[in-house]
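> The amino acid sequence is not available; the structure is as follows:
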């Protein structure tokens, strides 16, 4: 069986901080990784995680964990964040977002992904090349299964620019879920 160490690439730790108060059962552990962590998909190194930071705190009988990282696609930074609320019942919250105001031209993203996965971008719909997203955010809560996706889009069609704001929010309740 593989060990955790065998699944992780070699990583250069830039900052490391550890503190403990054993008498009161408190500890704090954090580190930042200097090197990129190259994620593989279908045997291809596709998108390195950069600026990885991990914080683990233990107090009040619970562990609190946060993980931050940045992933780049077509030189566009996607900020990734994961955290737990310290109790097993509360699950994890995962968030991904772009920098506010940052434009994401889909034509450039399609070219980048085509080169990463070694396939032709000719199969992408040409009508989407002028599509530009901005202010994207996605959020998922593992305990409630609540989901949020929001962002802005702009598309040129027949010499006109069409702008749209999109927000999809699915909130689970005891009787099902609500779509907002």
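Looks like it arrived, so ask away. Note that the structure is a prediction, hence the values are computed from the model and not measured. Numbers count the residues shown, from 1 in each chain.
> Mind telling me what element residue 118 is part of?
For residue 118, there is no host helix or strand (DSSP states H and E).
> quick one: it from residue 111, how far?
13 Å (C-beta to C-beta, to the nearest Å). The way it works is simple: take the backbone N, C-alpha and C, and place the C-beta from them, glycine included.
> Likewise for residue 30?
Relative to residue 111, and taking C-beta to C-beta, residue 30 is found at 37 Å.
> residues contacting the residue nearest to residue 66 when sequence neighbours are not counted?
Distance criterion C-beta to C-beta, 6 or more residues apart in numbering; nearest residue to residue 66, sequence neighbours excluded, is residue 83 at 4.4 Å. Contact analysis of residue 83 by C-beta atoms under 8 Å, 6 or more residues apart in numbering lists 64, 65, 66, 67, 92, 93.
> for the chain, what's the longest strand?
Across the chain, the strand with the greatest residue count (assigned by DSSP state E) is strand 44-59.
> Other residues contacting the helix or strand just after it?
In the C-terminal direction, the helix or strand that comes right after strand 44-59 (DSSP H and E) is strand 62-73. Residues outside strand 62-73 that contact it (C-beta under 8 Å, 6+ apart) are 37, 47-58, 77-87, 109, 112-113.
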